[in-house]
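S.K.: kindly return the folded structure for what I paste below:
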Amino acid sequence: MIAVANLSKRFGERVILDDLSLEFERGAVTGIVGSSGAGKSTLLRCLDFLERPDRGTVTIGDLTVDAERATKREVHALRRRTAMVFQQFHLFSRKTALENVAEGLRIVSGRSRRDAEHEALTHLDRVGLASHASHYPAQLSGGQQQRVGIARALAMQPEVLLLDEPTSALDPELVGEVLATVRSIAEAGQTMILVSHEMHFVRQVASRVLFLEHGRVLDDATPTEFFGADASPRAREFLREYHLARGNPEYQI
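M.R.: From the prediction side, this is the model:
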């Protein structure tokens, strides 16, 4: 089970997450959408305590971490069950793709260089980049760099893969290759929670859509429901605004 209970977060007087309680199905891809400031990325970051909640619990498997009483050991244990893919790739510029993926295996998991690089090559192959193992980040496109970031996350064998706007730093023509990679990983049964402002991306890969507003869930639906006539009035308004901003004034649900 993956769940949050009574999760709350404020920045000053501003409520970001408002007593959220949710469960996430193993093997599913949950897409989190909403307007800027809705709490999407904060929720994602609270799941592995990159952002510490003010109160509430996060449960992954048999581990439950209480925000108000969490020890460093519990937080480290939680983070070992998750892996984050960021919108900015955060690759080591002076390390090859292979070395970037192997680094966590060596430092966190204590693997030998040979074992770590053998494992890293396997995960680069999963994202279609085994042939680019010796390339440095500057020699890779943005889409390729993000796929290296995904391979690095997968190498840690997380129970939950967290993706925070994985395509927002990419040119439109590069989004498709990351979409294909995420879809392939989803088909292999990897549990994923995805924050994205790209509705096409969410519609293609998610099996569930959460629509957040002011730190609360307004819609919890399948993609068919959310992107169809069964969405809430506010969600339909959000989708109309999204398409208008992208030059599609004829959009209708």
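S.K.: all the helices of the chain, residue numbers only.
M.R.: 40-47, 72-80, 97-107, 113-126, 142-155, 172-187, 199-205, 223-226, 233-245 (DSSP state H).
S.K.: looking at those, which one is packed in the most?
M.R.: Comparing those by mean neighbour count (mean count of other Cβ atoms under 10 Å), helix 142-155 ranks first with a mean of 25. (Each C-beta comes from the backbone N, C-alpha and C, glycine too.)
S.K.: walk me through the domains of the chain.
M.R.: By the assignment in automatic domain parsing, the chain contains the domains 2-81+160-245, 92-157.
S.K.: just put those in TSV and tack on mean pLDDT.
M.R.: TSV is the format used below for the domains of the chain (pLDDT from 0 to 100):
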stretch	mean pLDDT
domain 2-81+160-245	93
domain 92-157	94
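S.K.: distance of E103 from D164?
M.R.: Distance of E103 to D164, given as Cβ to Cβ, to the nearest Å: 20 Å.
S.K.: next one: V202
M.R.: Taking Cβ to Cβ as the measure, V202 falls 13 Å from D164.
S.K.: list the residues that contact both of the two?
M.R.: With contacts defined as Cβ atoms under 8 Å, 6 or more residues apart in numbering, no residue is shared by V202 and D164.
S.K.: most centrally placed residue in the chain?
M.R.: Relative to the mean C-alpha position of the chain, the nearest C-alpha, by Cα atoms, centre = their mean, is the one of L163, at 1.5 Å.
S.K.: hang on, isn't that residue packed against V85?
M.R.: Yes - taking Cβ atoms under 8 Å as the definition, L163 is a contact partner of V85 at 4.5 Å.
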